[in-house]
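sequence first, predicted coordinates after that:
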Amino acid sequence: NPPDQDESIASLTLIGQVFYLYLLCERGERVLVIDQHAAHERILYGRLVKAYLEREIPSQNLLFPITVELLPSQGELLEEKGPEVARLGLQVEHFGDTTYVVKAIPALISQLSPEEILLDTLEALGNWSGTDPGGVPESVASLFASVACKAAIKAGNSLQPAEMLALLQQMEESAVFSHCPHGRPVIKEFAKAEIERWFHRS
């Protein structure tokens, strides 16, 4: 059954992790199964969108700046879209010829490689046609969905209880969490009565 969006995530009792993929929780007479990757992806996507709409995605300075070789067309796009690149949390400087130096990346996805973030950003900006009525260009929304997926907790990641509780807390703070940006469900619920039918109990 679909989860009740009106009920708070904070009301859940964490049981644990299963298959290194799902969080198992209990609320009243219902059991909830939460996809850890889809949930974290949705959280990161929501934070990126919120920060973008507030016109500043927080950056994290790199301890060791990374040099990246770009195609001439990519370099031209980077120069043309400089303000938009900065708004997306990247700080990039021209080093010479086709070489650029990445000095800062978006803090929300800092676990990704700087080169990957830059190339994904340039690809999105190459398809950028302006801001849509919702405030986030479609190409930027697609970029956020892509990098959120790459940066999110992966299937197969073993989580400690504190990490599971932190994920639930982040879900509680998220405005939307029913589906990830790519449309996959985050939560499935099972009623006690439904489970009892599995075992022919009444």
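Ah, there it is.

switch to C-alpha atoms for all contacts and neighbour counts from now on
Will do.

identify the residues contacting the strand ranked longest in the chain?
Counting by DSSP state E, the longest strand found in the chain is strand 59-69. By C-alpha atoms under 8 Å, 6 or more residues apart in numbering, the surrounding residues in contact with strand 59-69 are 89-90, 98-107, 110, 114-115.

next, give me the two most distant ones among those.
98 and 107 (25.8 Å; C-alpha to C-alpha).

quick revisit: okay, the longest strand of the chain in CSV with CA atoms only?
Extracted C-alpha coordinates of strand 59-69, given in CSV (Å, rounded to 0.1, in the frame of the first residue of the first chain):
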residue,chain,number,x,y,z
SER,A,59,30.6,25.4,-2.4
GLN,A,60,33.4,23.4,-0.8
ASN,A,61,36.9,24.5,-1.6
LEU,A,62,39.2,21.7,-2.7
LEU,A,63,42.3,21.1,-0.6
PHE,A,64,44.1,20.2,-3.9
PRO,A,65,42.6,21.9,-6.9
ILE,A,66,42.1,19.6,-9.9
THR,A,67,43.1,20.3,-13.5
VAL,A,68,40.8,19.3,-16.2
GLU,A,69,41.3,19.2,-20.0
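
buried set for stretch 116-123?
Neighbour-count burial for stretch 116-123 flags 117, 118, 120, 121, 122, 123 (criterion: 16 or more other C-alpha atoms under 10 Å).

now do that stretch: distance to the chain's middle.
16 Å (C-alpha atoms, centre = their mean, to the nearest Å).

contact partners of that stretch?
For stretch 116-123, contacts defined as C-alpha under 8 Å, 6+ apart pick out 74, 77, 78, 85, 90, 105, 143, 147.

could you give the mean pLDDT of it?
On average, the pLDDT along stretch 116-123 is 96.

and the strands in the protein?
Using DSSP E, strands in the chain cover 13-18, 22-27, 30-35, 59-69, 91-96, 99-106, 187-191.

pretty sure residue 88 is touching residue 106, no?
Yes: shown here, residue 88 and residue 106 form a contact pair, counting by C-alpha atoms under 8 Å, at 7.1 Å.

shared neighbours, the two?
With C-alpha under 8 Å, 6+ apart, residue 88 and residue 106 have common neighbours residue 57.

buried ones in the top helix by length along the chain?
When the chain is parsed with DSSP state H, its longest helix is helix 36-53. For helix 36-53, a neighbour-count test (16+ other C-alpha under 10 Å) marks 36-49, 51-52 as buried.

helices or strands up against that helix?
Packing contacts for helix 36-53, counted by 3 or more C-alpha pairs under 8 Å, 6 or more residues apart in numbering; DSSP states H and E, involve helix 138-151, helix 161-173.

check which helices and strands the last one sits against.
Spelled out, that is helix 161-173. strand 13-18, helix 36-53.

reformat these as JSON lines; add mean pLDDT and distance to residue 65.
Below are those laid out as JSON lines (pLDDT from 0 to 100; distance: least, C-alpha to C-alpha, whole Å):
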{"stretch": "strand 13-18", "mean pLDDT": "97", "distance to residue 65": "37"}
{"stretch": "helix 36-53", "mean pLDDT": "95", "distance to residue 65": "23"}
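
nothing else from me, thank you.
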